[in-house]
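Asker: below is the structure, and that's it, no one-letter string:
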């Protein structure tokens with residue numbers, strides 16, 4: 001297809017609708033009337049010879065062709081914005097930018113108070129997205145602009161894909177938690193006793209076992225995993241209201257476990273500490289808005305001056 005006649009505004013309309021899934025919201029996002037927006041989508045449908053979006057109970061549902069086009073169009077528009085729209089300075093009190101961060105739920109809990117205060121100070125918007133895998137950098141989303149940055153317990157910079165930049169934020173260990181009065185507290189916690197307890201754990205989607213299960217399996221042991229939940233705060237409440245125990249990040253317990261009558265102790269496996277790292281694409285490295293956001297996150301999560309690594 002000859003792309004010479006495609007109006008860039010049609011791609012902007014496509015991007016708005018693929019993200020909003022609602023014609024009215026997408027039109028307002030571009031400052032268009034609904035008829036003008038619908039006309040733009042109609043022109044793009046005609047050019048691409050595909051319906052692109054169909055009405056459903058969940059809103060405007062993209063067709064397979066639209067799904068196929070979504071990431072390349074986002075990536076192309078992100079590069080154009082970086083080239084033509086990036087200002088030399090950034091004023092959060094007047095900006096209407098939308099930031100997109102991929103992170104784990106424990107990090108989201110620690111950031112949410114800061115982000116909510118900052119977002120309410122102007123017209124900024126923030127969208128967080130749960131990481132698919134706790135220890136894996138979402139490389140494709142960072143490259144195509146679906147995510148501005150990602151925060152997680154990622155491997156160090158030796159494993160970083162080309163074009164990505166990494167900044168360590170903090171380091172922490174895991175602790176075992178149980179309610180006060182739990183029989184576990186009567187004796188020293190050994191690996192053998194730990195494995196025999198009834199466990200709750202944070203298990204991400206598409207994962208049957210967690211890090212602790214893999215570590216125990218390497219030692220020929222298996223824990224009694226009785227309750228697997230997708231959110232760390234749910235695990236804290238489950239442990240507080242039962243005889244379950246859990247192994248979880250120390251920072252989560254310190255910040256959210258105080259009012260739940262929980263006790264903690266070092267885990268008996270001798271696991272290496274978790275290093276929390278922030279990753280973004282080199283394309284957004286010097287963008288003033290992105291620099292501002294990253295500094296905010298470092299002020300909240302960084303325990304010491306980090307070192308930045310860049311993959312070439």
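Answerer: All right, it came through fine. Predicted model only: the values in this text are computed from it and were never measured.
Asker: three-state assignment of the closest residue in space to residue 257 that isn't next to it in sequence?
Answerer: Nearest in space to residue 257, with sequence neighbours left out and distances taken as CB to CB, 6 or more residues apart in numbering, is residue 236 at 5.7 Å. Quick note: C-beta positions are derived from backbone N, CA and C, even for glycine. Using DSSP: H, G, I helix; E, B strand; the rest coil, the structure places residue 236 in helix.
Asker: and for the one 10 residues further on?
Answerer: Assigned by three-state DSSP, the conformation of residue 246 is strand.
Asker: quick one: mean pLDDT for stretch 302-312?
Answerer: The predicted model assigns stretch 302-312 a mean pLDDT of 55.
Asker: check stretch 141-148 too.
Answerer: Stretch 141-148 carries an average pLDDT of 87.
Asker: stretch 226-236 too?
Answerer: For stretch 226-236, mean pLDDT is 91.
Asker: and stretch 249-262, by the same measure?
Answerer: Here stretch 249-262 scores 87 as its mean pLDDT.
Asker: quick one: buried residues of it?
Answerer: Across stretch 249-262, burial judged by 16 or more other CB atoms under 10 Å covers 249, 250, 251, 252, 253, 256, 257, 260, 262.
Asker: show me what contacts the residue nearest to residue 257?
Answerer: Residues in contact with residue 236 (CB atoms under 8 Å, 6 or more residues apart in numbering) are 177, 246, 248, 252, 253, 256, 257, 260, 262.
Asker: let me see the domain layout of this protein.
Answerer: Domain ranges of the chain: 3-84, 98-168+276-310, 174-266, per automatic domain parsing.
Asker: out of those domains, the one nearest residue 92 is which?
Answerer: Among the domains of the chain, domain 98-168+276-310 comes nearest to residue 92, with 5.4 Å by CB to CB.
Asker: which helix or strand contains the residue lying closest to residue 244 once chain neighbours are set aside?
Answerer: Once flanking residues are discounted, residue 244 sits nearest to residue 200: 4.4 Å by CB to CB, 6+ apart. For residue 200, the host element (DSSP states H and E) is strand 198-202.
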